[in-house]
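# Give me a model of this one.
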Amino acid sequence: MIKVLFVCHGNICRSPIAEFVMKDMVQTAGLSGEYSIESAATSSEELGNPVYPPARRILAAHGIDCSGKTARRIRRNDYNDFDLLIGMDRANLRNMHRLFVEDPEDKIHALMEYTDRPGDVADPWYTRDFEATWRDVQEGCAGLLKWLETGK
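Model (predicted):
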């Protein structure tokens, strides 16, 4: 089983969107039994809070349910427990590298690395543009799933 952890600052917007988009893609492809997908925060600001309402709405608009998800913080043992730790932006990547100190198994990556336009996933907390975030996450998750399934 391939275990993927999506990571953002608070685990209420981008990383839960990525978690549930990826779960939906995997289910649609008939691969649910082959993947374990979760998300976490690099900060403790939102711990225990549900997915941010506008993020829930964008998921629901695409037929994806995220009920029951609450924010959790990334833990040191997540490095051993997951095959990939996927950050939404450079700050998330920096924070993961600080927590894990080293990445000997090359598990830490940016979601947009799996697209033709590497960079950061748009942060709707600041932009309020959940559509742009949706597009980034959709493209990133599609590229990640393709890479996982084909190696390219």
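
# The worst-scoring helix or strand of the chain on mean pLDDT: what's the following helix or strand?
When each helix and strand of the chain is scored by mean pLDDT, DSSP states H and E, helix 124-127 comes last, with a mean of 89. Using DSSP states H and E, the helix or strand that follows helix 124-127 in sequence is helix 130-150.

# one step back: starting at the chain centroid, how far to the least confident helix or strand of the chain?
16 Å (C-alpha atoms, centre = their mean, to the nearest Å).

# which residues sit against that helix?
With C-beta atoms under 8 Å, 6 or more residues apart in numbering as the test, helix 124-127 has contacts from 9, 10, 13, 14, 52, 54, 55, 130, 132, 133. (C-beta placed from N, C-alpha, C; glycine too.)

# what comes up buried for it?
Within helix 124-127, the residues scored as buried using 16 or more other C-beta atoms under 10 Å are residue 124.

# buried ones in the helix or strand hosting residue 91?
If you go by DSSP H and E, residue 91 is part of helix 90-100. By neighbour count on 16+ other C-beta under 10 Å, the buried set for helix 90-100 is 92, 93, 95, 96, 99, 100.

# Compute the number of surrounding residues for residue 76.
Residue 76 sits with 10 neighbouring residues when counted by other C-beta atoms under 10 Å.

# and if you look at the one 4 residues further on?
Other residues near residue 80 come to 9 when the count uses other C-beta under 10 Å.

# Roughly how far does it sit from residue 54?
Note on residue 80: its distance to residue 54, by C-beta to C-beta, to the nearest Å, is 34 Å.

# same thing with residue 139?
Relative to residue 54, and taking C-beta to C-beta, residue 139 is found at 20 Å.

# What of residue 23?
From residue 23 to residue 54 the distance is 19 Å (C-beta to C-beta).

# Show me which of these two is the more surrounded one.
Comparing residue 23 with residue 54 by neighbour count (other C-beta under 10 Å), the higher total belongs to residue 23, at 20 against 15.

# contacting residues for the more buried one?
Applying C-beta under 8 Å, 6+ apart to residue 23 gives the contacts 32, 35, 37.

# mean confidence score for the next helix or strand after the helix holding residue 91?
Later in the chain than helix 90-100, the nearest helix or strand by DSSP H and E is strand 108-110. Averaging pLDDT along strand 108-110 gives 97.
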